[in-house]
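Engineer: Below: sequence and its predicted model.
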Amino acid sequence: MEILGWAWVALLLFGAVLSIETRISRSDRQLARVERKLDLMLEHMGLQEHDPRLREVIELLRNGKKLHAIKRYRELTGEGLKEAKEAVERLG
């Protein structure tokens, strides 16, 4: 009889943990959706949040060194030439 009691406790704990994991997963998905929407709104308004690593790229652009900025962007991000050029043009 005692084993049956412990089995019920274990089953209830398992159900509680599963319920909590499901809620956390749902919250993570909702948060990711909100972040994507916020990113799109900031981009649309021209208020993109820049990666702190890109400060050097932005500084190169301000100094008129677009080619150096594209090269540095590629080094930092691993992007291809076309993607880097487009990204740097958006930054400038």
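Structural biologist: Right, received. Where do you want to start?

Engineer: Now the longest helix seen in the chain: average pLDDT?
Structural biologist: Across the chain, the longest stretch assigned as helix under DSSP state H is helix 2-44. In this model, helix 2-44 has a mean pLDDT of 85.

Engineer: Which element is encountered next along the chain beyond that helix?
Structural biologist: helix 55-62 (DSSP states H and E).

Engineer: where's residue 64 relative to residue 73, distance?
Structural biologist: 16 Å (C-beta to C-beta, to the nearest Å). (Each C-beta comes from the backbone N, C-alpha and C, glycine too.)

Engineer: now swap in residue 82 and tell me
Structural biologist: Remark: distance between residue 82 and residue 73 (C-beta to C-beta) = 12 Å.

Engineer: Over to residue 36?
Structural biologist: In terms of C-beta to C-beta, residue 36 sits 23 Å off from residue 73.

Engineer: Ok, residue 51 next?
Structural biologist: Distance, residue 51 to residue 73, by C-beta to C-beta: 10 Å.

Engineer: again with residue 7
Structural biologist: In terms of C-beta to C-beta, residue 7 sits 59 Å off from residue 73.

Engineer: what about those two, which has more around it?
Structural biologist: residue 73 (25 against 10; other C-beta atoms under 10 Å).

Engineer: now the more buried one, nearest residue through space, not along the chain?
Structural biologist: Leaving aside its sequence neighbours, residue 73 sits nearest to residue 84 (C-beta to C-beta, 6 or more residues apart in numbering; 4.5 Å).

Engineer: and if you look at residue 92?
Structural biologist: residue 61 (4.6 Å).

Engineer: tell me the contacts of that neighbour?
Structural biologist: Contact analysis of residue 61 by C-beta atoms under 8 Å, 6 or more residues apart in numbering lists 69, 88, 91, 92.

Engineer: Next up, the contacts around the second one.
Structural biologist: Residues counted as contacts of residue 88 (C-beta under 8 Å, 6+ apart) are 57, 61, 66, 69, 70, 73.

Engineer: what's the helix or strand for the last one?
Structural biologist: Assigned by DSSP H and E, residue 73 belongs to helix 66-77.
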